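Novice: generate a structure from the sequence data that follows.
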Amino acid sequence: MNPTDNSKKVDTVAFLDSGSSHTYITTEIAEKLELHHTTPETITLHTFGTSSPTTLKSHLHTIQVQLSDGTPYMISAQSLPLLTKALKIPASPLDHLLIDVYGADIPTMSTTPGILIGMDHFWNLVLSPSFYSITLPNGYYLLNTRLGKAKNSTREQSTQQSKAPRIIHSIKRMPNNFDHSLACLRSNWKTLAKKPSYLDRYNEIIQDQLRRGIIGEPPPTLDQTSGMNCREWTSSNKEVNETLQSLEQTPIDKNTKLLGLAWDVTSDTIFIRLPFLEKQLEYPTKRQILKIVASIYDPLGLISPITIVAKIFLQSLWKDHLRWDELLLEDQQNKWRSITSSWTQPFMAFPRAILPHETTSNDIQLHIFTDASQQAYCAVAYLRIEHGQNVNVKLLMGRTRLTPLHNTVTIPRLEL
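Specialist: Numbering: from 1, shown residues only. Next up is the predicted model:
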């Protein structure tokens with residue numbers, strides 16, 4: 001934009017050229033911005049692949065560039081009629097998200113850059129505290145610069161993935177695949193145009209479906225008739241919840257279910273409920289104990305050290321050949337009361353997030369331990385995250401199993 005008149009601005013494509021010592025803009029851009037210019041001067045360009053330099057007349061201008069975070073950045077640039085030949089770029093700016101997430105080959109369009117950024121401003125615009133480089137599955141590099149995401153123009157032969165994915169806790173716009181779909185439609189049209197009989201047949205089918213009402217405009221209340229109103233969505237992000245609440249004018253439930261587990265959205269904590277035995281069973285039987293043990297829902301095995309003891313006791317009742325409604329013996333009742341006496345809280349709380357917020361460390365390790373005894377065997381997985389001098393350890397999940405009753409298996413084999 002014009003630094004003296006911000007109303008005069010233009011969108012253009014920037015070409016990051018580390019082989020150029022200076023920054024240039026096109027004469028067209030300078031005229032659109034109505035930039036003040038100095039007396040024309042003669043510049044000498046030494047381009048790659050030529051034996052003699054090129055001499056051109058140029059004006060020196062000062063322009064203002066808006067960075068991806070909205071910050072203005074001043075640049076001194078020479079103006080030239082043409083900077084480079086047309087380049088291929090993503091057809092839609094939002095398609096950069098598709099590149100970032102999927103590394104996909106997306107529709108491109110040809111355009112001529114309006115500004116060529118040389119080494120006098122190159123590193124100031126490329127490097128930032130949030131800079132990173134990712135090798136995409138298609139062989140390109142994706143760079144996060146101060147101007148936004150940029151893709152290099154050469155492929156790397158190796159298509160290895162980055163050692164660890166980057167976890168970014170922020171709200172992003174969803175990628176738009178309209179241009180991708182449009183390109184596929186145009187490709188299909190060109191293919192079908194070669195065989196007019198196919199087009200006629202497709203037209204008959206479409207017209208028939210239009211007459212029968214199979215194809216039509218979606219009703220304006222589709223979101224309501226489908227039962228997928230925004231109020232049925234929630235998030236651990238406060239800004240997202242405020243947006244959803246403003247759309248439906250209904251409060252967001254702070255306590256909801258996440259895959260069957262209680263989830264406190266405000267603290268981003270999940271809860272595993274334990275049977276709260278306020279009063280011990282007066283006449284405990286095998287059926288009643290099985291009902292209590294089976295009522296504990298712990299899909300990730302986070303409270304396995306608690307539940308495995310009750311399961312071992314339940315298995316011992318089968319070993320003693322007790323009938324379903326037969327009263328437990330006195331020593332069995334005492335043992336059951338001893339197990340459940342520690343269940344003094346109705347639930348146990350665990351943080352839902354696997355990684356701490358704003359984690360940027362690439363040193364993330366997965367540790368898995370196994371153990372076994374004559375009564376049970378187990379495996380547990382931990383995530384170890386090292387950032388600076390601090391180390392965080394997160395329990396991911398655990399699994400426990402009782403040893404078989406009828407098959408004799410050695411402890412070393414159970415550990416495997």
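Novice: what's the mean pLDDT across stretch 12-22?
Specialist: Here the mean pLDDT over stretch 12-22 is 83, rounded to a whole number.
Novice: ends of it, what's the gap?
Specialist: The straight-line separation of the ends of stretch 12-22 (C-alpha to C-alpha, to the nearest Å) is 18 Å.
Novice: with stretch 274-287 instead?
Specialist: Stretch 274-287 stretches 18 Å from its first residue to its last (C-alpha to C-alpha).
Novice: now swap in stretch 313-326 and tell me
Specialist: 16 Å.
Novice: so the closest residue to residue 17 other than its chain neighbours, which of the three states?
Specialist: Setting aside the residues directly before and after it, residue 17 is nearest to residue 116 in space (C-beta to C-beta, 6 or more residues apart in numbering), at 5.3 Å. Any C-beta I mention is one placed from the backbone N, CA and C, and that applies to glycine too. Three-state assignment for residue 116 (DSSP: H, G, I helix; E, B strand; the rest coil): strand.
Novice: beta partners of residue 116?
Specialist: Using DSSP bridges, the beta-bridge partners of residue 116 come out as residue 15, residue 24.
Novice: check contacts around it.
Specialist: With contacts defined as C-beta atoms under 8 Å, 6 or more residues apart in numbering, the neighbours of residue 116 are 14, 15, 17, 20, 23, 24, 25, 83, 84.
Novice: make JSON lines from those and add neighbour count and distance to residue 401 to it.
Specialist: Putting these into JSON lines (neighbours: other C-beta atoms under 10 Å; distance: C-beta to C-beta, whole Å) gives the following:
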{"residue": "14", "neighbour count": "18", "distance to residue 401": "59"}
{"residue": "15", "neighbour count": "20", "distance to residue 401": "61"}
{"residue": "17", "neighbour count": "18", "distance to residue 401": "62"}
{"residue": "20", "neighbour count": "19", "distance to residue 401": "65"}
{"residue": "23", "neighbour count": "22", "distance to residue 401": "66"}
{"residue": "24", "neighbour count": "25", "distance to residue 401": "69"}
{"residue": "25", "neighbour count": "25", "distance to residue 401": "69"}
{"residue": "83", "neighbour count": "19", "distance to residue 401": "67"}
{"residue": "84", "neighbour count": "13", "distance to residue 401": "65"}
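Novice: closest one to residue 350 out of those residues, please.
Specialist: When the contacts of residue 116 are compared for distance to residue 350, the smallest value, 46.7 Å, is given by residue 14; criterion: C-beta to C-beta.
Novice: surely that closest one touches residue 118?
Specialist: No. Using C-beta atoms under 8 Å as the test, residue 14 is too far from residue 118 to be in contact (11.3 Å).
Novice: can you list the buried residues in stretch 239-249?
Specialist: Going by neighbour count (16 or more other C-beta atoms under 10 Å), the buried part of stretch 239-249 is 241, 244.
Novice: now that stretch: mean pLDDT?
Specialist: For stretch 239-249, the mean pLDDT works out to 72.
Novice: ok, now stretch 152-166?
Specialist: Mean pLDDT, computed over stretch 152-166, is 49.
Novice: what's the answer for stretch 311-327, then?
Specialist: 89.
Novice: can you give me the end-to-end span of that stretch?
Specialist: Stretch 311-327 has its terminal residues 18 Å apart, counting by C-alpha to C-alpha.
Novice: now it, how far from the centre of its chain.
Specialist: Taking the mean C-alpha point of stretch 311-327 and that of its whole chain, the gap between them comes to 48 Å (C-alpha atoms, centre = their mean, to the nearest Å).
Novice: and for stretch 376-388?
Specialist: Distance of stretch 376-388 from its chain centroid, counting by C-alpha atoms, centre = their mean, is 23 Å.
Novice: and the contacts of it?
Specialist: 301, 304, 308, 311-312, 354-356, 359-361, 363-372, 391-403, 414-415.
Novice: please list only the buried members of those.
Specialist: Neighbour counting with 16+ other C-beta under 10 Å marks 301, 304, 308, 311-312, 359, 361, 364, 372, 398, 400, 403, 414 as buried within those.
Novice: just give me the neighbour total for residue 187.
Specialist: 11 (other C-beta atoms under 10 Å).
Novice: cool, and the one 4 residues further on?
Specialist: The burial metric for residue 191, expressed as a neighbour count using other C-beta under 10 Å, is 10.
Novice: I'd like to know how far it sits from residue 207.
Specialist: Relative to residue 207, residue 191 is positioned 21 Å away (C-beta to C-beta, to the nearest Å).
Novice: for residue 275, same thing?
Specialist: In this structure, residue 275 and residue 207 are separated by 63 Å, where distance is defined by C-beta to C-beta.
Novice: the two - which one has more neighbours?
Specialist: Ranked by neighbour count (other C-beta under 10 Å), residue 275 and residue 207 place residue 275 first, with 14 against 11.
Novice: helix/strand/coil for the more buried one?
Specialist: Criterion first, three-state DSSP; result for residue 275: coil.
Novice: give me the nearest residue to it, chain neighbours excluded.
Specialist: Taking C-beta to C-beta, 6+ apart, and ignoring the residues beside it in sequence, residue 275 has residue 292 as its nearest neighbour in space, at 5.1 Å.
Novice: list the contacts of residue 77.
Specialist: Taking C-beta under 8 Å, 6+ apart as the contact definition, residue 77 lies against 22, 23, 24, 25, 60, 61, 62, 63, 115.
Novice: need the residues you listed in JSON lines (columns: distance to residue 76).
Specialist: Below are those laid out as JSON lines (distance: C-beta to C-beta, whole Å):
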{"residue": "22", "distance to residue 76": "9"}
{"residue": "23", "distance to residue 76": "7"}
{"residue": "24", "distance to residue 76": "11"}
{"residue": "25", "distance to residue 76": "10"}
{"residue": "60", "distance to residue 76": "7"}
{"residue": "61", "distance to residue 76": "7"}
{"residue": "62", "distance to residue 76": "5"}
{"residue": "63", "distance to residue 76": "8"}
{"residue": "115", "distance to residue 76": "12"}
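Novice: closest to residue 342 out of those?
Specialist: Of all these, residue 115 has the smallest distance to residue 342: 68.9 Å, by C-beta to C-beta.
Novice: quick check: that closest one vs residue 22, distance?
Specialist: Using C-beta to C-beta, which is the criterion applied here, residue 115 is 12 Å from residue 22.
Novice: so for the two, which residue has more residues nearby?
Specialist: A count of neighbours by other C-beta under 10 Å puts residue 115 above the other of residue 115 and residue 22, at 20 against 17.
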